[in-house]
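Engineer: quick one, structure for this:
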Amino acid sequence: MSDFSDLEAELKQLRPAASSAELVSRVERGLSDAPSSIPTAGVLPRPKARVNWFALGFGVAAAAAFLILARIGVDDRTKPQTLAAFTPAPLSRSVPAPGLVPDGLTRVVYNTRDEGLMFPEKADEPVRRLRSRSRETLQWRDPSNGASLRVSYPTEELEFIPVSGQ
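Structural biologist: I've put the predicted structure just below:
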């Protein structure tokens, strides 16, 4: 413990040395030659917020072009789709035909799905792929005895619609 008290006594007796005249003159010269236009403490004025109108206009134009191209072909009304159809065959009452004659066709579409754009390797332009699932029922009738035959089977149809950006 005495070692620390001795050390403290020595530290209390220490005094800083006087600065040299050369150091004082260099500091005075540096202060007098310093330009007054440099801001102190590194504080710089904030730049004003500016809008880059060219980039904003380019972004809006790109978004509009994307929306136009994505919307092409979605509302394609060129081919109306029937959900159910019944087409009876015309009957000739004057001369009965032997055997079965077609009596009707029914097609019920139960699922239609737009599968989006495709880019086939050998095509010049993209196509939109539509998948349609349905059930077709064919009916035949024998006019001589009134017997009928009905056949029903599922179908799946893929339709490729060309899409052009013009």
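
Engineer: averaged pLDDT, the helix or strand where V24 lies. What do you get?
Structural biologist: Using DSSP states H and E, V24 maps to helix 21-33. In this model, helix 21-33 carries a mean pLDDT of 87.

Engineer: now the helices for this structure?
Structural biologist: Along the chain, counting by DSSP state H, helices occupy 2-13, 21-33, 53-71.

Engineer: could you list every helix and strand in contact with the lengthiest strand in the chain?
Structural biologist: Scanning the chain for the strand with the most residues, using DSSP state E, yields strand 101-118. Judged by 3 or more Cβ pairs under 8 Å, 6 or more residues apart in numbering; DSSP states H and E, strand 101-118 is in contact with strand 127-141, strand 148-162. To be clear about C-beta, it is placed using only N, CA and C from the backbone, and glycine gets the same treatment.

Engineer: let's see 10 Å
Structural biologist: helix 53-71, strand 127-141, strand 148-162 (3 or more Cβ pairs under 10 Å, 6 or more residues apart in numbering; DSSP states H and E).

Engineer: touching, E125 and S164? I think so.
Structural biologist: Yes: applying Cβ atoms under 10 Å as the test, E125 and S164 come out as touching, 5.7 Å apart.

Engineer: could you report the pLDDT at the closest residue in space to T106 that isn't next to it in sequence?
Structural biologist: Distance criterion Cβ to Cβ, 6 or more residues apart in numbering; nearest residue to T106, sequence neighbours excluded, is T137 at 4.4 Å. We have a pLDDT of 91 for T137.

Engineer: could you identify which of the helices and strands packed on strand 101-118 is most buried?
Structural biologist: strand 127-141 (a mean of 16; mean count of other Cβ atoms under 10 Å).

Engineer: so what's the nearest residue to L158 once chain neighbours are set aside up against?
Structural biologist: Nearest residue to L158, sequence neighbours excluded (Cβ to Cβ, 6+ apart): R131, at 5.7 Å. With contact set as Cβ atoms under 10 Å, 6 or more residues apart in numbering, R131 has these partners: N111, T112, R113, D114, E115, E156, E157, L158, E159.

Engineer: residue contacts, the first one?
Structural biologist: Pointing back at N111 there. Neighbours of N111 in contact, by Cβ under 10 Å, 6+ apart: R131, S132, R133, S134, E156.

Engineer: what sits opposite the first one in the beta ladder?
Structural biologist: The residues listed as beta-bridge partners of R131 by DSSP bridges are R113, L158.

Engineer: on that earlier part again, against I161, how distant is the residue nearest to L158?
Structural biologist: Distance, R131 to I161, by Cβ to Cβ, to the nearest Å: 12 Å.
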